[in-house]
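# Fold the following for me, if possible:
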Amino acid sequence: MRVVLVAAAAILALAACKEEAAVAPPDPVPLTEEALSFFCQMNIAEHGGPKGQIHLEGYPAPLFFAQTRDMVAYLKSPERDAKIIGVYVSDMGAAPSWEQPGIENWVLAEGAHFVVGAKVAGGMGAQEVVPFKELDDAANFATQWGGQIMSLDAIPTEAVLGPIDLDQTLETPS
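Numbers count the residues shown, from 1 in each chain. Below is the predicted model of the structure:
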């Protein structure tokens, strides 16, 4: 009996050590005219600038965000509706324009290059965190509009959860 218990314990220990296989995130969902922003429930298509989408385990549709800043704020917030299984942002290097950020030019957020601190307003009027797939596109944007290039994990919490300076002059890129 003791041998059986030791064998069972060894099997359980091995099972606990087994690494879970990496699961690919779900595909991004094209942005539609009906998409609503998670925080404000406003129609995203009515607002320019980069967008974000977060896929949650057990949810049939992603949460959309009218500003990338808002999406990063959700990621940094301690409250979650479910486990995050995929995060995408607009690739502004492939966007037709600031006012039309694209409907299918999504890039995984974890591999994107974000310009933080640029003097540009996002779709909801707050200073935006601007994502790019290509580092050169991010560098060109930062040269023109200011800011620093960062990975998603490096974006400081205060850049997305801090107070909004209403006296700050922000521009809308053309």
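# Residue 123 - nearest residue in space that isn't next to it in sequence?
residue 47 (3.1 Å; C-beta to C-beta, 6 or more residues apart in numbering). Where you see a C-beta, it was placed from the backbone N, CA and C, and this is true even at glycine.
# quick one: contacts for that neighbour?
Taking C-beta atoms under 8 Å, 6 or more residues apart in numbering, we find residue 47 in contact with 37, 66, 67, 122, 123, 124.
# Could I get the full set of strands for the protein?
52-56, 63-65, 84-90, 106-108, 113-116, 130-132, 148-150 (DSSP state E).
# Next one: residue 146 from residue 62, what distance?
30 Å (C-beta to C-beta, to the nearest Å).
# Those two - which one has more neighbours?
A count of neighbours by other C-beta atoms under 10 Å puts residue 62 above the other of residue 146 and residue 62, at 20 against 12.
# Would you agree that one is in contact with residue 87?
No - between residue 62 and residue 87 there is no contact under C-beta atoms under 8 Å: 9.0 Å.
# where's residue 58 relative to residue 35, distance?
For residue 58 relative to residue 35 (C-beta to C-beta), the value is 20 Å.
# Please say which of those two ends up with more neighbours.
residue 35 (20 against 8).
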